[in-house]
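# pasting the sequence and the predicted coordinates here, then a few questions.
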Amino acid sequence: KEEKLTKLQVMTFLNANRNLSSMDLSGLDLRDMDFRGASLHGARLSKIEGSRFSGSDTSLRGAYLRGASAAEVDFSEADLTGADLSDADLTRANFSGAILDGADFRRATLTDAQLQGARLHRVRNLENA
């Protein structure tokens, strides 16, 4: 199991090579942080505080965002293939142009979320969000 990162370590990785793939960021306060263009493939982001998190053009394939507080997050043009977004608060989230193939939205809050142009193949539980 990967060791859980601190917010300072996350900022260091972002400033260096923007690769946080498979890392454990669960429970961290990532509000207003800029993850644009970063790789978070398979990362654990459960129960993060991620309001206004900027994740446009970010790879979040297979990421685990269960229970994340991510109101107003920007996931435009991001790849969330197979991501677990269940129980996440995604109020006013921007998924414009995002790839959401196979993503799970079970019990997610999507009030006023933008999904224009998003790819939604095999998305799970979107109708129950």
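On my side now, so go ahead.
# alpha carbons only for contacts and neighbour counts from here, please
OK.
# from residue 91, how far out is the closest residue to residue 123 other than its chain neighbours?
Excluding the flanking residues, the one nearest residue 123 by C-alpha to C-alpha, 6 or more residues apart in numbering is residue 102, at 4.4 Å. The gap separating residue 102 from residue 91 is 20 Å, by C-alpha to C-alpha, to the nearest Å.
# one more: residue 63?
From residue 63 to residue 91 the distance is 19 Å (C-alpha to C-alpha).
# higher neighbour count, the two?
residue 63 (25 against 19; other C-alpha atoms under 10 Å).
# contacting residues around the more buried one?
40, 41, 42, 43, 44, 45, 80, 82, 83, 84 (C-alpha atoms under 8 Å, 6 or more residues apart in numbering).
# follow-up on the earlier one: would you agree the residue nearest to residue 123 falls within a strand?
No - according to DSSP: H, G, I helix; E, B strand; the rest coil, residue 102 belongs to no strand; its state is coil.
# count of neighbours near it?
Neighbours of residue 102 using other C-alpha under 10 Å come to 20.
# residue 116 now?
Residue 116: 12 neighbours (other C-alpha under 10 Å).
# quick one: average pLDDT of stretch 95-102?
Per-residue pLDDT over stretch 95-102 has a mean of 97.
# list the buried residues in that stretch.
Using 16 or more other C-alpha atoms under 10 Å as the test for burial, stretch 95-102 gives 95, 96, 97, 98, 99, 100, 101, 102.
# next, the distance between the ends of that stretch.
14 Å.
# can you check stretch 89-106 too?
Taking C-alpha to C-alpha, stretch 89-106 runs 11 Å from one end to the other.
# what's the answer for stretch 112-123, then?
For stretch 112-123, the end-to-end distance is 18 Å (C-alpha to C-alpha).
# now do stretch 31-38
First-to-last residue span, stretch 31-38, C-alpha to C-alpha: 16 Å.
# so who does residue 126 touch?
Per C-alpha under 8 Å, 6+ apart, neighbours of residue 126: 104, 105, 106.
# if we use 10 Å, what do you get?
86, 103, 104, 105, 106, 107, 108, 109, 110, 120 (C-alpha atoms under 10 Å, 6 or more residues apart in numbering).
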